[in-house]
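Participant: what follows is a predicted structure for the sequence shown.
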Amino acid sequence: MSKKEFKKELATEKQIRRRTAISFLIFFLLLAAGYAGWRWLYTQPDSDGVQKPLRYGLQKDEEIFGSIFSKKTIAKNYPKEKAAKSVRVNGNIGMSNDFDYKNWRLKVLKKNGDTLRISLDEIRALPKTEVIFDFKCIEGWSQVSHWGGVRFSDFVKKYGLDKEAGMNYVGMQTPDKQYYVGIDMESMMQSQTILCYEMNSNFLPLNQGFPLRLIIPVKYGIKNIKRIGTLYFSNPKPPDYWAERGYDYYSGL
């Protein structure tokens with residue numbers, strides 16, 4: 001090897017070592033920055049189940065997706081033969097065993113302070129809408145399922161709730177008040193959103209929310225509350241069980 005070639009090889013080795021050292025330095029700096037960022041986030045005050053900066057991000061996500069959502073948005077419909085015969089249950093919070101289904105009435109709190117008490121027979125007397133869609137759970141599974149009930153928009157019209165429908169949100173809770181959701185009015189008035197009393201053309205099973213549950217195809221399963229006891233309207237956000245535990249309040253698809 002000539003002297004010139006030796007010097008060139010030595011320079012190359014020095015360059016490799018320098019670049020390797022710089023790469024390791026950058027790696028450890030990024031690692032330190034990531035750890036410092038995690039420690040900073042960990043010490044931030046709580047806001048509805050998550051650190052305040054994360055909740056801020058979720059709120060911005062809601063603002064963006066809420067601003068582009070239209071009640072004309074339609075979830076994909078499937079033929080009946082595609083619907084599961086054995087329908088998976090997504091959670092049992094609010095499904096207490098001492099439920100008195102014989103005396104159940106849907107309580108609807110009106111803006112003027114009046115309370116409607118509506119029986120299942122009265123709800124079933126309204127025009128029925130069937131929805132067959134891909135039910136999606138935040139746990140990562142999905143299943144095409146078949147549901148029947150009355151469109152929420154038809155329910156609003158029947159019971160003269162137009163003023164209430166001009167508010168921002170609908171709140172719902174189970175009879176035992178253990179599970180509760182808040183949903184934006186635009187999504188509630190979407191044509192596939194139903195107050196549901198049937199699954200696969202039969203009455204809802206107890207574990208699927210008998211006598212009445214919500215089916216709202218434009219939301220994840222956590223918003224599809226089972227066994228609705230009380231329904232009300234609000235301009236501020238109503239309480240929401242999973243949002244209080246760190247999940248996205250909007251939960252849109």
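Facilitator: All right, it came through fine.
Participant: state the helix or strand in which Gly171 lies.
Facilitator: strand 169-173 (DSSP states H and E).
Participant: packing partners for that strand?
Facilitator: Contact analysis of strand 169-173 by 3 or more CB pairs under 8 Å, 6 or more residues apart in numbering; DSSP states H and E lists strand 180-184, helix 185-188, strand 230-234 as its packing neighbours. (Each C-beta comes from the backbone N, C-alpha and C, glycine too.)
Participant: return the most buried member of those.
Facilitator: Of all the helices and strands packed on strand 169-173, strand 180-184 has the most neighbours on average by mean count of other CB atoms under 10 Å, namely a mean of 23.
Participant: list the strands paired with that one, with their directions.
Facilitator: Each strand that strand 180-184 pairs with, and the sense of that pairing, follows from DSSP bridges: strand 169-173 (antiparallel).
Participant: thinking again about what came up before, how distant is the strand holding Gly171 from the center of its chain?
Facilitator: The chain centroid and the centroid of strand 169-173 are separated by 13 Å, computed with CA atoms, centre = their mean, to the nearest Å.
Participant: quick one: contacts of it?
Facilitator: 94, 152, 179-185, 188, 214, 225, 228-239 (CB atoms under 8 Å, 6 or more residues apart in numbering).
Participant: ok, Lys219 touching Tyr249?
Facilitator: No - when contacts are counted by CB atoms under 8 Å, Lys219 is not listed as touching Tyr249 (10.8 Å).
Participant: can you show me the CA trace of the biggest strand by length in the chain as CSV?
Facilitator: For the chain, the strand reaching the highest residue count under DSSP state E is reported as strand 142-151. As requested, C-alpha coordinates have been extracted for strand 142-151 and formatted as CSV (Å, rounded to 0.1, in the frame of the first residue of the first chain):
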residue,chain,number,x,y,z
SER,A,142,-65.5,-5.5,14.7
GLN,A,143,-68.6,-7.4,13.6
VAL,A,144,-71.4,-7.0,11.1
SER,A,145,-74.6,-7.0,13.1
HIS,A,146,-78.3,-6.4,12.4
TRP,A,147,-80.5,-4.1,14.5
GLY,A,148,-83.9,-2.6,14.4
GLY,A,149,-85.6,0.3,16.1
VAL,A,150,-86.9,3.9,15.6
ARG,A,151,-84.7,6.6,14.1
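Participant: what are the pairing partners of it, and which direction each?
Facilitator: Paired strands of strand 142-151, with direction, are strand 129-136 (antiparallel), strand 194-199 (antiparallel) (DSSP bridges).
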